[in-house]
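Undergrad: need a 3D model of the sequence below.
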Amino acid sequence: MSDLPRKAVTRTAKLAALPLGFAGRATWGLGKRLGGRSAEIVGRELQQRTAEQLFKVLGELKGGAMKFGQALSVFESALPEEIAGPYRAALTKLQDAAPPMPTSTVHAVLAEQLGTNWRELFAEFEDKPAAAASIGQVHRAVWHDGREVAVKVQYPGAGPALLSDLTQLSRFARLLGPLIPGMDVKPLITELRDRVAEELDYSLEAEAQQAHAAEFAADPDVVVPVVVHQGDQVLVTEWLAGVPLSEVIADGTEEQRDRAGQLLARFLFSGPARTGLLHADPHPGNFRLLPGESPDGPVAEWRLGVLDFGTVDRLPDGLPPTIGASLRMALDGEADAVYRMLCEEGFVKESIALDPDAVLEYLLPIIEPAQADAFTFTRGWMRQQAARIGDLRSPAHQLGKQLNLPPSYLLIHRVTLSTIGVLCQLGATVRLRDELEAWLPGFLPDAYEEDAAAEEDATGEDEVGASAAAREAGADGAAGSPAERPA
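TA: I've put the predicted structure just below:
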């Protein structure tokens, strides 16, 4: 029933052909140069052919291969311009499109998931998909109550395909690593593989999306579609119109780019504080720019529409306050305090001793956007950072290899880097510090110190609190749980 190549042998052969293809094109390029063509022209053609093959294979396979490609695509800003040019079009295309499932397969999935009378649930249903992604494709439709909806249909066999692809990709991760200087590709693939089961579970996605939709229902800046219906392999949500962020990146006005960048930063930092969830798939295909609205009609300010909550990081207490506190201390030049906090959180292993001033020097260029009232994110700045960290001979690279990323921070780290990548693609000027002060726990000194004092007080008062509760229970009978007692 599935057109997604499910057989392990077929998918492995396609992926294994990638490194062979790279080697073959290198030989072809050498032959061209021996034939008298300039290295620059041959190099450009070689990059174009490599991009076409790499992303053609990733797109055709969908599954984990395309998921990896989407995760990689937000980092194209880090590539040197002479390499990024041929890759950019292929990467952007990968963010929003993939070869669709045949109509017969879509109908079969809908019949299995919604019942043989599934058409009665829709006033209209468009067989041609509006978008296709790594594990499913989206169809535009009209629900039986008249609402415009997006119908997300999961590819049959998506689970085994995801696992097979990511396992195979990890085997030649070192070959793919040079695509993004300064980035270790293997942990990215491992982290994507670890979250396969969660992303395939549409009930978890529906729960995360509905939590955001409820929280942002009256928000003037962020729009999240409401969940209409959810099944194991089908998810129906309200339709979200607007300009895809990939189009804003390609052709948007300066006003649109800056507004999109500001709202993207706001959503990144405010989401965990407001919902206890971090949207963990921030590539341009998951965002839209919508005209603002008011009771009196459209207004000038654009709003950000957010899609696809299949991958989230669950942070019930919001982002760790140590992130904000260490960032603030770094901006204040408190090298010893930053180093001590990094050691406490496990970023520096006990067996390693580093120079606090060297660590601060390593961090400052990365956190430069938080220093200014407004910072313009550019591809040039991103390439500079990637080159600084990726140069094997540089002190920054050597120090970076000695730092450790605790598992609890892995997804936060990837989402932050991915968001910065998108901001650089936008070329947006963003008041990042405003968002950090408003939403990042620990960034404002008083907030972090109050939290630390409260935690210390709570620890010291546990026994006193327990005694008081016992006395209350003795006096009033069963005191009841906090939920049962009146506020």
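Undergrad: residue boundaries of the strands in the stretch 51-200 of the chain?
TA: With DSSP state E, counting those that start in this stretch as the criterion, the stretch 51-200 of the chain has strands at 122-125, 131-132, 136-143, 148-154.
Undergrad: cool, the stretch 251-400 of the chain as well?
TA: Under DSSP E, counting those that start in this stretch, the stretch 251-400 of the chain gives strands at 277-279, 287-294, 297-306, 312-314, 375-376.
Undergrad: quick revisit: how about the strands of the stretch 51-200 of the chain in JSON lines, adding mean pLDDT and distance to residue 190?
TA: Just so you know, the C-beta spots here come from the backbone N, C-alpha and C atoms, and that holds for glycine as well. Shown next, in JSON lines, are the strands of the stretch 51-200 of the chain (pLDDT from 0 to 100; distance: least, Cβ to Cβ, whole Å):
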{"stretch": "strand 122-125", "mean pLDDT": "98", "distance to residue 190": "38"}
{"stretch": "strand 131-132", "mean pLDDT": "80", "distance to residue 190": "25"}
{"stretch": "strand 136-143", "mean pLDDT": "94", "distance to residue 190": "23"}
{"stretch": "strand 148-154", "mean pLDDT": "96", "distance to residue 190": "23"}
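Undergrad: any idea which of those strands is most buried?
TA: strand 148-154 (a mean of 23; mean count of other Cβ atoms under 10 Å).
Undergrad: helices and strands around that strand, which ones?
TA: Strand 148-154 sits against helix 103-114, strand 122-125, strand 136-143, strand 234-238, with contacts defined as 3 or more Cβ pairs under 8 Å, 6 or more residues apart in numbering; DSSP states H and E.
Undergrad: would you tell me what the next helix or strand after the last one is?
TA: I take that to be strand 234-238. Using DSSP states H and E, the next helix or strand after strand 234-238 towards the C-terminus is strand 243-244.
Undergrad: which of the strands of the stretch 251-400 of the chain is buried the deepest?
TA: strand 277-279 (a mean of 23).
Undergrad: what does it rub up against?
TA: Residues from elsewhere that reach strand 277-279 (Cβ atoms under 8 Å, 6 or more residues apart in numbering): 208, 211-212, 267-268, 271-272, 286, 306, 309, 311-315, 319, 411-412, 415.
Undergrad: go again with 10 Å.
TA: Strand 277-279 is contacted by residues 207-209, 211-212, 215, 224, 267-269, 271-272, 286-287, 306-316, 318-319, 411-412, 415-416, 419 when judged by Cβ atoms under 10 Å, 6 or more residues apart in numbering.
Undergrad: so for that strand, mean pLDDT?
TA: For strand 277-279, mean pLDDT is 97.
Undergrad: stretch 428-446 too?
TA: Rounded mean pLDDT across stretch 428-446 is 94.
Undergrad: again with stretch 340-348
TA: Summarised as a single mean, pLDDT over stretch 340-348 is 94.
Undergrad: list the buried residues in it.
TA: Using 16 or more other Cβ atoms under 10 Å as the test for burial, stretch 340-348 gives 341, 342, 343, 345, 347, 348.
Undergrad: I'd say the second one and residue 334 touch.
TA: Translated: residue 342. No - counting by Cβ atoms under 10 Å, residue 342 stays clear of residue 334, with 11.9 Å between them.
Undergrad: pull up the overlap in contacts between those two.
TA: Shared contacts of residue 342 and residue 334, defined by Cβ under 10 Å, 6+ apart, comprise 326, 356.
Undergrad: coming back round to it: would TSV of the helices and strands packed on strand 148-154 with distance to residue 378 be doable?
TA: Below are these laid out as TSV (distance: least, Cβ to Cβ, whole Å):
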stretch	distance to residue 378
helix 103-114	41
strand 122-125	43
strand 136-143	32
strand 234-238	34
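Undergrad: nearest to residue 438, of those?
TA: Closest approach to residue 438 among these is made by strand 234-238 (27.8 Å; Cβ to Cβ).
Undergrad: quick one, that closest one and helix 103-114 angle?
TA: 90 degrees (axes from the mean of the first three to the mean of the last three Cα atoms, to 10 degrees).
Undergrad: alpha carbons of strand 234-238, as CSV, please.
TA: Extracted in CSV, the C-alpha atoms of strand 234-238 (Å, rounded to 0.1, in the frame of the first residue of the first chain):
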residue,chain,number,x,y,z
VAL,A,234,-4.5,11.1,10.7
LEU,A,235,-4.5,14.5,12.3
VAL,A,236,-7.1,17.2,11.3
THR,A,237,-6.5,20.8,12.4
GLU,A,238,-7.8,24.1,11.4
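Undergrad: tilt between it and strand 148-154?
TA: 160 degrees.
Undergrad: which strands or helices does strand 234-238 pack on?
TA: Secondary-structure packing of strand 234-238 (3 or more Cβ pairs under 10 Å, 6 or more residues apart in numbering; DSSP states H and E): helix 103-114, strand 136-143, strand 148-154, helix 202-215, strand 227-230.
Undergrad: let me have the ones you listed in CSV, extended by distance to residue 402.
TA: Converted to CSV, the helices and strands packed on strand 234-238 look like this (distance: least, Cβ to Cβ, whole Å):
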stretch, distance to residue 402
helix 103-114, 49
strand 136-143, 41
strand 148-154, 42
helix 202-215, 36
strand 227-230, 45
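Undergrad: which one of these lies closest to residue 240?
TA: strand 148-154 (7.1 Å).
Undergrad: list the neighbouring strands of that closest one plus their orientation.
TA: strand 136-143 (antiparallel), strand 234-238 (antiparallel) (DSSP bridges).
Undergrad: as a markdown table, these with distance to residue 387 would be great.
TA: A markdown table is the format used below for the strands paired with strand 148-154 (distance: least, Cβ to Cβ, whole Å):
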| stretch | distance to residue 387 |
| --- | --- |
| strand 136-143 | 37 |
| strand 234-238 | 41 |
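Undergrad: closest one to residue 390 among those strands?
TA: strand 136-143 (34.2 Å).
Undergrad: restrict that closest one to CA atoms and write it as CSV.
TA: Taking C-alpha atoms only, strand 136-143 is exported to CSV below (Å, rounded to 0.1, in the frame of the first residue of the first chain):
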residue,chain,number,x,y,z
GLY,A,136,3.3,12.6,6.4
GLN,A,137,1.6,14.9,3.9
VAL,A,138,-1.1,17.5,4.3
HIS,A,139,-4.3,17.9,2.3
ARG,A,140,-6.5,20.9,2.3
ALA,A,141,-10.2,20.2,3.0
VAL,A,142,-13.4,21.6,4.4
TRP,A,143,-14.7,19.9,7.6
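Undergrad: quick one: low-confidence ranges for the stretch 201-350 of the chain?
TA: Residues of the stretch 201-350 of the chain meeting the criterion pLDDT under 70: 293-300.
Undergrad: hang on, I meant the stretch 1-150 of the chain
TA: If you take pLDDT under 70 as the line, the stretch 1-150 of the chain has these spans: 1-99, 133-134.
Undergrad: please redo it, this time with the cut-off set to 50
TA: Judged by pLDDT under 50, the stretch 1-150 of the chain has its weakly predicted residues at 1-9, 19-44, 95-97.
Undergrad: specify the beta-bridge partners of the nearest residue to residue 228 once chain neighbours are set aside.
TA: Nearest non-adjacent residue to residue 228, counting by Cβ to Cβ, 6 or more residues apart in numbering: residue 236, 4.4 Å away. Residue 236 has these beta-bridge partners by DSSP bridges: residue 151, residue 229.
Undergrad: my guess is residue 236 meets residue 227, correct?
TA: Yes - judged on Cβ under 10 Å, residue 236 makes contact with residue 227 at a distance of 7.5 Å.
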